[in-house]
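J.: The sequence and its predicted three-dimensional model are supplied below.
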Amino acid sequence: MDILILLALALAPGAAIILYIYLKDKHEREPLKLLLISFLYGVFSVFLTLSISWPLDLILALHDDDVIHQFANAFFKVAFVEELSKFIFIRFILYNNKNFNEPFDGIVYAIMVGMGFATLENILYVFQYGVSTGIVRMFTAVPAHGTFAVLMGYYLGKAKFTHRKELLYAVFALLVATGFHGLYDYFLFISFIPGIWIGAFLSLLVALVLSRKAILLHQQSSPFIRQPRDHISGTGEN
């Protein structure tokens, strides 16, 4: 029974975020099978991250109490590697799928991949450290991964449908996700400085606000928005 409770606790935040974004995709929802595959890509991205991180651990000797070393740890060793691993599956596989046919789909697929990553990571943490860790991560780490995914997906959506700046937006998608991820982690990694951990929650709050705006903007830019019947037929009153 304890195992089931821990598993439910680990799965719940990712499932809630997925459902939230799925319901926000109001105009042309994605095939459930493809969404499941996207989630599994996120799970696979954890192993890609580990395959990159392990050699880095052997090469880089970073000190836990050094703010410069922890900057490199947060932004490059952790944030960039993790976001790059997710980005590869989104940009080079899902991006080319015929169902990626509106800007909002960038957010949908990025969330599925991001939550695949975050859910497996969450399971590992919750089973190792217990219920209290699961509760804390439910309101911090997992939503943080959600915001990184929304912001990456927003710019990948722009990349696909703004052809003159496709490369620029794609690169920015990776950088903005890495930037917010690194900032969030950095304040936690240097928590030996009294009170500095508050910066992590402030960065998460900013990312949440920007994510909400990104969702709204792509909802409004959907080519599948249905026009009012009287507008289409031309029979509306003047």
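T.: Arrived safely, thanks for sending. Numbering: from 1, shown residues only.
J.: What's the biggest helix in the protein, counting residues?
T.: helix 32-59 (DSSP state H).
J.: can you pull the buried residues of that helix?
T.: Using 16 or more other C-beta atoms under 10 Å as the test for burial, helix 32-59 gives 34-35, 37-39, 41-46, 48-49. For glycine as for every other residue, the C-beta is placed from the backbone atoms N, C-alpha and C.
J.: quick one, helices of this structure?
T.: 2-24, 32-59, 67-72, 81-92, 104-129, 131-138, 141-161, 166-189, 198-220, 229-233.
J.: Please spell out which residues along the first one are buried.
T.: Taking 16+ other C-beta under 10 Å as the neighbour-count basis, helix 2-24 is seen to contain the buried residues L6, L9, A10, L11, P13, G14, I17, I18, I21, K24.
J.: circling back to that earlier point, a markdown table please, covering the buried residues of helix 32-59 and showing distance to K98.
T.: Converted to a markdown table, these look like this (distance: C-beta to C-beta, whole Å):
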| residue | distance to K98 |
| --- | --- |
| L34 | 10 |
| L35 | 15 |
| I37 | 14 |
| S38 | 14 |
| F39 | 19 |
| Y41 | 17 |
| G42 | 21 |
| V43 | 23 |
| F44 | 22 |
| S45 | 22 |
| V46 | 27 |
| L48 | 25 |
| T49 | 28 |
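J.: Show me which of those residues is closest to Q128.
T.: Of all these, V46 has the smallest distance to Q128: 14.7 Å, by C-beta to C-beta.
J.: Check that closest one and give its pLDDT.
T.: pLDDT recorded at V46 is 98.
J.: Nearest residue to it in space, ignoring adjacent ones along the chain?
T.: Nearest non-adjacent residue to V46, counting by C-beta to C-beta, 6 or more residues apart in numbering: L120, 5.0 Å away.
J.: thought that neighbour was touching S45?
T.: No. In this structure, L120 is not within contact of S45 by C-beta atoms under 8 Å, at 9.0 Å.
J.: Pull up the gap between the residue nearest to A12 when sequence neighbours are not counted and I17, please.
T.: Spatially, and ignoring its direct neighbours in sequence, A12 is nearest to M138 (6.8 Å; C-beta to C-beta, 6+ apart). Look at M138 and I17: by C-beta to C-beta, to the nearest Å, they are 10 Å apart.
J.: and K77, how many neighbours?
T.: Neighbourhood size, K77 [other C-beta atoms under 10 Å]: 20.
J.: right, and it touches S53 too?
T.: Yes. With contact defined as C-beta under 8 Å, K77 reaches S53; the gap is 6.9 Å.
J.: correct me, but L94 touches Y109?
T.: Yes. L94 is in contact with Y109 according to C-beta under 8 Å; the separation is 4.4 Å.
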